[in-house]
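> Fold the following.
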Amino acid sequence: MTSPLKLSPSDQEHLIDKLQVFKIHGRDKRGRKVLCIIGKLFPAQLVSTEVLNQYLEEKIFSNLKDKPFSVVYVNTGVQRNENFPGISTLRSIYDAIPINVRDNLEAVYFVHPGLQSRLFLATFGRFIFIGGMYRKLQYVNRVEFLWNHVRRNEIEFEIPEFVFDHDEELEHRPMMEYGLESDHRRAYGTPSVDSAVSMYSMRCIA
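As a prediction, this is how the structure comes out:
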């Protein structure tokens with residue numbers, strides 16, 4: 001993440017809270033708590049790695065240390081120069097996760113991965129996420145496929161409208177998903193996938 005920063009540490013924490021980038025709400029189909037992360041809302045240009053790690057430790061990890069949980073990461077609209085924190089920050093966050101919390105994480109549902117995210121994770125994922133976490137990653141190409149994994153009535157209202165709009169856009173412009181047509185979003189952001197179309201796209205990458 002870029003520096004110097006103009007916000008004080010307390011203001012940075014308040015901003016993360018206000019934007020609701022991280023929220024524990026609902027359960028998946030196996031009854032596990034769900035940590036929902038909306039990537040587009042993350043203010044990467046304004047929040048330091050240190051403040052982010054402290055926020056996660058105090059507000060998030062402390063509520064996930066006792067039982068298994070899953071993560072829904074929504075990648076829709078993430079852009080490298082705006083809301084992607086960077087490789088070093090991702091590794092720092094991962095290293096800061098307490099061992100008991102890391103062990104309790106059983107699945108990561110990665111919504112709207114896109115071609116660039118797949119390539120990024122295929123290249124760097126095993127180096128950033130050691131200890132088996134990379135194998136817990138599941139790509140979810142459409143929000144409708146997410147309901148196969150989580151309880152829709154508990155999670156749906158946590159998903160911003162722009163995510164559903166992107167789903168609809170992909171229905172009309174499917175080549176966006178494979179990087180063959182620009183969607184004007186450049187995202188960083190290989191594991192399991194949720195449809196036959198997705199399997200085909202991964203064979204193309206290989």
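
> who are the neighbours in contact with L146?
Applying C-beta atoms under 8 Å, 6 or more residues apart in numbering to L146 gives the contacts 72, 109, 111, 140, 155. (Glycine included, C-beta is placed from N, CA and C.)

> Against V74, how distant is the last one?
For I155, the distance to V74 (C-beta to C-beta, to the nearest Å) stands at 11 Å.

> Next, show the common contact partners of these two.
Counting by C-beta under 8 Å, 6+ apart, the common neighbours of I155 and V74 are C36.

> Return the member of the contacts of L146 nearest to P98.
Among the contacts of L146, V72 lies closest to P98 (C-beta to C-beta), at 20.5 Å.

> Contacts for stretch 91-101, please.
Residues outside stretch 91-101 that contact it (C-beta under 8 Å, 6+ apart): 49, 52-53, 56-57, 61, 64-65, 85, 105, 128-130, 133.

> So what's the model's average confidence on it?
Average pLDDT, stretch 91-101: 87.

> export it as PDB, just CAs?
The C-alpha coordinates for stretch 91-101 follow below in PDB (Å, rounded to 0.1, in the frame of the first residue of the first chain):
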ATOM      1  CA  ARG A  91       1.900 -11.800   2.800                       C
ATOM      2  CA  SER A  92       2.100  -9.600   5.900                       C
ATOM      3  CA  ILE A  93      -1.600 -10.100   6.600                       C
ATOM      4  CA  TYR A  94      -1.300 -13.800   6.200                       C
ATOM      5  CA  ASP A  95       1.700 -14.000   8.500                       C
ATOM      6  CA  ALA A  96      -0.200 -12.000  11.100                       C
ATOM      7  CA  ILE A  97      -3.100 -14.400  11.300                       C
ATOM      8  CA  PRO A  98      -2.900 -16.300  14.600                       C
ATOM      9  CA  ILE A  99      -2.300 -20.000  14.100                       C
ATOM     10  CA  ASN A 100      -5.600 -21.100  15.700                       C
ATOM     11  CA  VAL A 101      -7.500 -18.700  13.300                       C
END
